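Student: Take this sequence and fold it.
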Amino acid sequence: MKVAITDANIFIDLIRLELLDYLFKINLEIHTTREVYDQLNPTQKAIAEEFVLSEALKVYNFSPQEFQEVNQLDCPAGLEMADRTVYYYSQKIAALVLSGDKKLRTFCKAQELEVRGILWLLDKFVEQRLITKTVAIEKLTLLLSFNDRLPVDECQQRLKLWSE
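Tutor: Model (predicted):
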């Protein structure tokens, strides 16, 4: 099973869409870092905690040595510590990165890491029949109402495809 490292915005969007449980039903082993997990607010953590307790979500804690290595990474300015940990950990275990953060996505792609986002996850949920196309349209429309960083053209293509 392929391993995926998830950043906070993926968790936050899936929680707001009430789709977090589907993340753990696709053929991925889901990991995150303590720094990412700690970015979640108390309500979001309470929802995610169920998956941590069931061991569906693995939260990685860095050793002092690893944390020092993360601090010494040559990363673009403005890349948050939590995002740096996602990059470092994904390189360490050769994992797919799940992120909607443009800086992190761009940096990871430049380092030749596989990066996917929330639209790819919605595609997977539909492909694997976890949600219907009608539900996907509803959820993407809702997502567009609060996430203004999405690629509008790609969203419109999916809305059209799912309505056919």
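Student: all helices in this structure, in order from the N-terminus.
Tutor: For the chain, applying DSSP state H gives helices covering 8-16, 20-23, 34-37, 42-53, 64-71, 81-93, 102-110, 118-127, 133-146, 152-163.
Student: quick one: which of these is nearest M1?
Tutor: Among the helices of the chain, helix 81-93 comes nearest to M1, with 12.6 Å by CB to CB. To be clear about C-beta, it is placed using only N, CA and C from the backbone, and glycine gets the same treatment.
Student: Of all the residues in that closest one, which ones are buried?
Tutor: Neighbour-count burial for helix 81-93 flags A82, D83, R84, T85, V86, Y87, Y88, Y89, S90, Q91 (criterion: 16 or more other CB atoms under 10 Å).
Student: Turn those into TSV, including distance to C155.
Tutor: Supplementary listing: these in TSV, determined by distance: CB to CB, whole Å:
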residue	distance to C155
A82	26
D83	23
R84	28
T85	29
V86	24
Y87	26
Y88	30
Y89	29
S90	25
Q91	30
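Student: Going by distance to C75, which of those residues wins?
Tutor: Out of the buried residues of helix 81-93, the one with the shortest distance to C75 is R84. That distance is 5.5 Å, counting by CB to CB.
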